[in-house]
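>>> attaching a predicted model along with its sequence, questions to come.
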Amino acid sequence: MRWARRVGGHWHLDLRVQPNAARSEIVGPLGDQLKVRVAAPADNGKANRELVRYIAQLLGVDRASVRIVRGHHHRSKTVEVTGDAQKEREHPAQAEEKYRLGQSLGDVGPWEHGRVKK
């Protein structure tokens with residue numbers, strides 16, 4: 001299950017996005033994707049904007065460092081993350097590794113239970 005992969009100088013994250021959630025949060029692995037709920041409707045790009053904001057906040061990078069490269073109009077998306085190389089190397093890979101070891105996301109710094117308040 002590989003939802004985070006290094007491509008060139010940045011990360012690609014394969015996500016399954018559920019719009020209209022009560023809050024934005026990481027749910028967990030879903031096959032080869034990471035399921036993410038976003039607190040915005042799938043209307044006029046609102047869910048996409050919230051996804052970008054949320055991922056940027058989780059990883060501690062600027063919003064301009066996060067962009068959707070595939071799946072703008074679908075729930076399955078590929079998000080590209082650039083920015084602080086140290087954070088990029090650690091967080092997505094650490095979260096994936098901890099899941100593979102059966103540990104909770106609560107031990108993974110900014111991914112903490114996937115819940116970051118707006």
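Sure thing, it's come through.

>>> could you pull out the helices in the chain for me?
46-59, 85-100 (DSSP state H).

>>> mean pLDDT lowest where, among these?
Among the helices of the chain, helix 85-100 carries the lowest mean pLDDT, at a mean of 50.

>>> check which helices and strands the longest strand seen in the chain sits against.
Longest strand in the chain by number of residues (criterion: DSSP state E): strand 10-18. Packing partners of strand 10-18 (3 or more C-beta pairs under 8 Å, 6 or more residues apart in numbering; DSSP states H and E): strand 4-7, strand 33-37, helix 46-59, strand 76-81, helix 85-100. Backbone N, C-alpha and C define where each C-beta goes, glycine included.

>>> list the neighbouring strands of it plus their orientation.
On the basis of DSSP bridges, the sheet neighbours of strand 10-18 come out as strand 4-7 (antiparallel), strand 33-37 (parallel), strand 76-81 (antiparallel).

>>> would you mind finding the most buried of those strands?
Compared across the strands paired with strand 10-18, strand 33-37 shows the largest average neighbour count, a mean of 22 (mean count of other C-beta atoms under 10 Å).

>>> so where is this protein shaky, pLDDT-wise?
In the prediction, the chain carries residues with pLDDT under 70 at positions 1, 84-118.

>>> identify the bridge partners of residue 26.
On DSSP bridges, the residues paired with residue 26 through beta bridges are residue 36.

>>> what about it, distance to residue 8?
In this view, residue 26 and residue 8 are 24 Å apart by C-beta to C-beta, to the nearest Å.
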